[in-house]
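**Q** Sequence below, structure please.
(one chain, ligands or ions: 1)
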Amino acid sequence: MSGMDATAPRQATDAQREVSYCDVVERLTLMLASESDPVLVMATVACELHHAFDYYDWTGFYRVVGDRSLSVGPYQGTHGCLHIPFDRGVCGAAATTMTTQLVPDVHAFEGHIACSSSTRSEIVVPVCRPTGELLAVLDVDSDDPASFNAVDQRWLELLADRLGRWMTPAAS
Ligand code: SME
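**A** Next up, the predicted model:
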């Protein structure tokens, strides 16, 4: 990076967010474009994102396991709940609707699961294979209200799209 710190502070401007996402996505693409191990991919994405944004207080994945059920995957932050059914919480809503959930105030979201009482806002993005099969959700929680905006959503959706490709082995 030249002249600008790539770590986005709390209350980051859109320009600061753009710089940080661009940097992280570029770095992850270099590291992961020829990887396909799901744990390796999810762990590396969680780590790189978590340390690039000061307003990310919990960053990680819930994986689709069994019938309409999610289990925690690689993450950074304090203890995450182990299992989330599809009909519960923000993660469950993202998995059920297969759409991003941008929640500025978790207390106003009925059914929110408070793994940490300090969480105030969050964004959850589905991760799907190119065929459309849901693999996991990427969950980012912040201790500040309304931390995430359309810039976060656009970049995290772009990253989720790449993740779905990286986690899908090429047909032999
Ligand atoms: N935020 C989630 C629960 C998982 S944790 O907060 C790590 C939800 O309500 O779906």
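
**Q** which parts of the protein sit against the ligand?
**A** 58, 80-81, 84, 89-91, 112-113, 115, 119, 122, 139, 141 (C-beta under 6 Å from any ligand atom). For every residue, glycine as well, the C-beta is placed using N, CA and C.

**Q** The same query, at a cut-off of 8 Å, please.
**A** Taking C-beta under 8 Å from any ligand atom as the criterion, the chain approaches the ligand at residues 58, 60, 62, 72, 75, 77, 80-81, 84, 88-94, 106, 109, 111-116, 119, 122, 124, 139, 141.

**Q** Among those residues, name the ones in strands.
**A** 58, 60, 62, 72, 75, 84, 122, 124, 139, 141 (DSSP state E).

**Q** How about the contacts made by the spatially most central residue of the chain?
**A** Geometric centre of the chain, nearest residue: residue 138, 3.0 Å, by C-alpha atoms, centre = their mean. Taking C-beta atoms under 8 Å, 6 or more residues apart in numbering, we find residue 138 in contact with 45, 60-61, 124-127, 156, 159-160, 163.

**Q** show me the contacts for the closest residue to the ligand within the chain.
**A** Residue nearest to the ligand within the chain: residue 89 (2.8 Å; C-beta to the nearest ligand atom). Residue 89 makes contacts with 111-113, as judged by C-beta under 8 Å, 6+ apart.

**Q** quick one on the thing from earlier: not counting its neighbours along the chain, what's nearest the residue nearest to the centre of the chain?
**A** residue 125 (4.7 Å; C-beta to C-beta, 6 or more residues apart in numbering).

**Q** Contact partners for the one you found?
**A** With C-beta under 8 Å, 6+ apart, residue 125 has these contacts: 94, 100, 137-138, 153, 156-157, 159-160.
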